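[1] Using only what follows, build the 3D model:
(one chain, ligands or ions: 1)
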Amino acid sequence: MGDSIFTKIIQGDIPADILYEDDHCICIKDIHPQAPTHLLIIPRKPIPRLADATEEDRALLGHLMLKVADIARSVGVDEAFRVCINNGEAAGQTVFHLHIHLLAGKTFKENSLSMQ
Ligand code: AMP
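    Numbers count the residues shown, from 1 in each chain. Take a look at the predicted model:
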(Lines give C-alpha, C1' and ligand atoms only; values in the text may rest on other atoms or scores of the structure.)
Protein backbone atom coordinates (compact mmCIF):
# COMPACT_ATOMS: atom_id res chain seq x y z
CA MET A 1 0.00 0.00 0.00
CA GLY A 2 1.27 3.50 -0.81
CA ASP A 3 1.77 6.31 1.66
CA SER A 4 -1.40 7.73 3.19
CA ILE A 5 -2.32 11.36 2.71
CA PHE A 6 -1.17 11.99 6.29
CA THR A 7 2.25 10.46 5.60
CA LYS A 8 2.53 12.77 2.60
CA ILE A 9 1.64 15.76 4.80
CA ILE A 10 4.18 14.66 7.42
CA GLN A 11 6.84 14.33 4.72
CA GLY A 12 5.98 17.79 3.41
CA ASP A 13 4.81 16.48 0.02
CA ILE A 14 1.28 17.87 0.49
CA PRO A 15 0.55 21.22 2.18
CA ALA A 16 -1.55 21.38 5.34
CA ASP A 17 -2.36 23.83 8.08
CA ILE A 18 0.03 22.52 10.76
CA LEU A 19 -0.77 23.93 14.22
CA TYR A 20 1.73 21.90 16.21
CA GLU A 21 4.49 19.38 15.62
CA ASP A 22 7.09 17.53 17.60
CA ASP A 23 9.27 14.46 17.15
CA HIS A 24 6.30 12.11 17.53
CA CYS A 25 3.22 13.79 16.05
CA ILE A 26 1.71 16.66 14.13
CA CYS A 27 -1.58 18.50 14.58
CA ILE A 28 -3.41 19.83 11.54
CA LYS A 29 -6.78 21.43 10.85
CA ASP A 30 -9.27 19.01 9.32
CA ILE A 31 -9.97 19.97 5.73
CA HIS A 32 -13.71 19.26 6.15
CA PRO A 33 -14.43 20.49 9.67
CA GLN A 34 -17.38 18.94 11.49
CA ALA A 35 -17.25 21.55 14.28
CA PRO A 36 -15.89 25.10 14.66
CA THR A 37 -12.70 23.52 16.03
CA HIS A 38 -11.80 20.28 14.26
CA LEU A 39 -8.18 19.24 14.57
CA LEU A 40 -6.38 15.99 13.83
CA ILE A 41 -3.52 14.74 15.99
CA ILE A 42 -1.47 12.34 13.90
CA PRO A 43 1.53 10.25 14.94
CA ARG A 44 4.51 10.40 12.59
CA LYS A 45 4.62 6.62 12.80
CA PRO A 46 2.18 5.30 10.15
CA ILE A 47 0.10 2.94 12.30
CA PRO A 48 -2.88 2.17 10.02
CA ARG A 49 -5.55 1.75 12.72
CA LEU A 50 -5.70 1.92 16.50
CA ALA A 51 -6.24 -1.85 16.40
CA ASP A 52 -2.81 -2.20 14.77
CA ALA A 53 -1.00 -0.48 17.65
CA THR A 54 1.12 -2.77 19.78
CA GLU A 55 2.79 -2.75 23.16
CA GLU A 56 5.67 -0.93 21.46
CA ASP A 57 3.29 2.02 20.87
CA ARG A 58 2.21 2.42 24.51
CA ALA A 59 4.26 5.56 25.15
CA LEU A 60 3.34 7.04 21.78
CA LEU A 61 -0.39 6.59 22.43
CA GLY A 62 0.00 8.23 25.85
CA HIS A 63 1.90 11.09 24.26
CA LEU A 64 -0.87 11.62 21.69
CA MET A 65 -3.59 11.81 24.35
CA LEU A 66 -1.63 14.27 26.46
CA LYS A 67 -0.99 16.37 23.34
CA VAL A 68 -4.72 16.41 22.59
CA ALA A 69 -5.31 18.01 25.99
CA ASP A 70 -2.37 20.43 25.58
CA ILE A 71 -3.60 21.48 22.15
CA ALA A 72 -7.18 21.86 23.42
CA ARG A 73 -5.79 24.21 26.10
CA SER A 74 -3.69 26.12 23.60
CA VAL A 75 -6.67 26.81 21.32
CA GLY A 76 -8.91 27.63 24.29
CA VAL A 77 -11.38 24.74 24.15
CA ASP A 78 -10.18 22.64 27.10
CA GLU A 79 -13.48 23.08 29.02
CA ALA A 80 -15.47 21.17 26.38
CA PHE A 81 -14.14 19.03 23.61
CA ARG A 82 -14.73 15.62 22.14
CA VAL A 83 -12.11 13.12 21.04
CA CYS A 84 -12.80 10.47 18.43
CA ILE A 85 -10.83 7.72 16.73
CA ASN A 86 -12.50 5.86 13.88
CA ASN A 87 -11.14 2.34 13.55
CA GLY A 88 -11.99 0.52 10.32
CA GLU A 89 -14.08 1.43 7.31
CA ALA A 90 -17.40 0.42 8.91
CA ALA A 91 -16.63 2.82 11.76
CA GLY A 92 -16.06 5.68 9.34
CA GLN A 93 -12.28 5.54 8.96
CA THR A 94 -11.27 6.92 5.58
CA VAL A 95 -7.56 7.56 6.08
CA PHE A 96 -5.64 4.50 7.19
CA HIS A 97 -3.01 6.29 9.23
CA LEU A 98 -4.02 6.55 12.88
CA HIS A 99 -5.36 9.98 13.87
CA ILE A 100 -7.31 11.46 16.73
CA HIS A 101 -10.12 13.90 15.98
CA LEU A 102 -10.38 16.83 18.42
CA LEU A 103 -13.76 18.51 18.06
CA ALA A 104 -15.05 21.55 19.92
CA GLY A 105 -17.07 24.71 19.67
CA LYS A 106 -20.54 23.25 19.29
CA THR A 107 -23.01 21.57 21.57
CA PHE A 108 -22.74 17.82 21.26
CA LYS A 109 -25.93 15.82 21.64
CA GLU A 110 -25.53 13.57 24.63
CA ASN A 111 -26.54 10.63 22.47
CA SER A 112 -24.50 11.46 19.39
CA LEU A 113 -22.10 8.56 19.84
CA SER A 114 -24.82 6.16 18.75
CA MET A 115 -24.16 3.91 15.76
CA GLN A 116 -26.76 2.58 13.34
P1 AMP B 1 -11.41 9.43 9.30
O2 AMP B 1 -12.69 9.45 8.50
O3 AMP B 1 -11.60 9.20 10.77
O4 AMP B 1 -10.38 8.53 8.67
O5 AMP B 1 -10.86 10.92 9.22
C6 AMP B 1 -10.12 11.40 8.16
C7 AMP B 1 -10.23 12.88 8.24
O8 AMP B 1 -9.16 13.45 7.48
C9 AMP B 1 -11.53 13.46 7.68
O10 AMP B 1 -12.19 14.21 8.69
C11 AMP B 1 -11.06 14.32 6.52
O12 AMP B 1 -11.82 15.50 6.39
C13 AMP B 1 -9.63 14.62 6.89
N14 AMP B 1 -8.73 14.90 5.79
C15 AMP B 1 -8.58 14.20 4.64
N16 AMP B 1 -7.63 14.76 3.87
C17 AMP B 1 -7.15 15.83 4.55
C18 AMP B 1 -6.17 16.81 4.29
N19 AMP B 1 -5.46 16.81 3.14
N20 AMP B 1 -5.93 17.77 5.21
C21 AMP B 1 -6.64 17.78 6.36
N22 AMP B 1 -7.60 16.88 6.68
C23 AMP B 1 -7.85 15.93 5.78
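[2] near the ligand, anything from stretch 25-41?
    Yes. Stretch 25-41 reaches the ligand (C-beta under 6 Å from any ligand atom) through 28, 30, 31, 32, 40. No exception for glycine: its C-beta is placed from N, CA and C like everyone else's.
[3] Give me the buried positions along that stretch.
    Of all the residues in stretch 25-41, those buried under the rule 16 or more other C-beta atoms under 10 Å are 25, 26, 27, 28, 30, 35, 37, 38, 39, 40, 41.
[4] Report the two of those residues separated the most.
    Farthest-apart pair in the buried residues of stretch 25-41 is 25 and 35; separation 20.5 Å (C-beta to C-beta).
[5] hmm, back to that, now the buried residues of stretch 25-41 in CSV, with secondary structure and pLDDT?
    As requested, these are arranged in CSV below (DSSP: H, G, I helix; E, B strand; the rest coil; pLDDT from 0 to 100):
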residue, secondary structure, pLDDT
25, strand, 98
26, strand, 98
27, strand, 98
28, strand, 98
30, coil, 97
35, coil, 96
37, strand, 97
38, strand, 97
39, strand, 98
40, strand, 98
41, strand, 98
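[6] between these, which is nearest residue 74?
    Using C-beta to C-beta, residue 27 comes nearest to residue 74 of these, at 9.4 Å.
[7] check contacts around that closest one.
    18, 19, 20, 21, 39, 40, 41, 42, 67, 71, 102 (C-beta atoms under 8 Å, 6 or more residues apart in numbering).
[8] For burial, what's the neighbour tally of the fourth one?
    Other residues near residue 21 number 13, with proximity taken as other C-beta atoms under 10 Å.
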